[in-house]
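quick one, fold the following:
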Amino acid sequence: MNYYGSKELAAAFRTVRSNTLKVAEEIDEKNYGFRATPDTRTVGQTLIHMLHAPKLQWHVHGTAKLDTLDGFDFPSFFMPMMEEEQKPHTKIEIVSALTEQGENFAKWMESLSDEFLAERVGMPAGMPSKTRFEMLLAVKEHEMHHRAQLMMLERMLGMVPHLTREMQARMEAMMKARA
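Numbering: from 1, shown residues only. Have a look, this model is predicted:
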């Protein structure tokens, strides 16, 4: 019995993307150039990176329908996206693209069959194969990783992240109900 299929995968991704969008909207555009250290991405670059992250999985599973990544030219695939991270983008461009492309990716994931998600894809250099499901789930995990970085940047900018504020409000309400 399968408890987590394409609909759940898409819903989970939508939740993660929604939280990413809240962070992107809360950070003032003047702080999109902020970075923790000189050798890290700026807020804006991190958001652009998150925007492009689903593209590999969409290409592998949606466009090319590859059954192995052995021999896949990762540098050629990622170079244009890495170059795009370095270009200036407005907050509205970033938020709009995250919204639109996120929903397009979620709709596509929703359409996938359990059989397709269960297919195994070979990895390069003798690494163990993974299911398409595992690879698509990694998109959500990757975005959560970078969103955590953005939430730390919010703290460095003197902000309290929305998820923290929401948790504090829930705790306060529970304490009041308890009293």
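
in this protein, which spans are strands?
For the chain, the strands defined by DSSP state E cover 120-121, 130-131.

who's in contact with the residue most central in space within the chain?
Residue closest to the mean C-alpha point of the chain, counted by C-alpha atoms, centre = their mean, is residue 143 at 2.7 Å. By C-beta atoms under 8 Å, 6 or more residues apart in numbering, the residues touching residue 143 are 13, 16, 17, 20, 50, 53. The way it works is simple: take the backbone N, C-alpha and C, and place the C-beta from them, glycine included.

one more time with 10 Å
By C-beta atoms under 10 Å, 6 or more residues apart in numbering, the residues touching residue 143 are 13, 16, 17, 19, 20, 49, 50, 51, 53, 54, 98, 102.

contacts for stretch 34-48, please.
Here stretch 34-48 makes contact (C-beta under 10 Å, 6+ apart) with 20-21, 23-24, 27-29, 31-33, 49-50, 81-82, 84-91, 93-95, 97-98, 146-147, 149-150, 152-154, 156-157.

recalculate using a threshold of 7 Å.
For stretch 34-48, contacts defined as C-beta atoms under 7 Å, 6 or more residues apart in numbering pick out 24, 27, 31-33, 49, 84-85, 89, 94, 98, 146, 149-150, 153, 156-157.

now swap in stretch 13-31 and tell me
With C-beta under 7 Å, 6+ apart as the test, stretch 13-31 has contacts from 43, 47, 50, 90-91, 94-95, 98-99, 102, 105-106, 109, 139-140, 143-144, 147, 150-151, 154, 157, 159, 161-163.

what is the mean pLDDT for that stretch?
For stretch 13-31, mean pLDDT rounds to 98.

stretch 152-160 too?
Summarised as a single mean, pLDDT over stretch 152-160 is 98.

of all the residues in it, which ones are buried?
Buried residues in stretch 152-160, counted by 16 or more other C-beta atoms under 10 Å: 153, 154, 159.

report the contact partners of the first one.
When the contact criterion is C-beta under 7 Å, 6+ apart, the partners of residue 153 are 34, 36, 43.

just the pLDDT for residue 4.
What the model reports for residue 4 is a pLDDT of 89.

what count of nearby residues applies to it?
When neighbours are defined as other C-beta atoms under 10 Å, residue 4 has 13 of them.

kindly report the same for residue 54.
There are 25 residues near residue 54, going by other C-beta under 10 Å.

circling back: emit the ChimeraX select command for whichever of the contacts of stretch 13-31 are buried.
Typed into ChimeraX, the line below selects the buried ones among those, using 16+ other C-beta under 10 Å:
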select :43,47,50,91,94,95,98,102,105,106,109,139,140,143,147,150,151,154,159,161
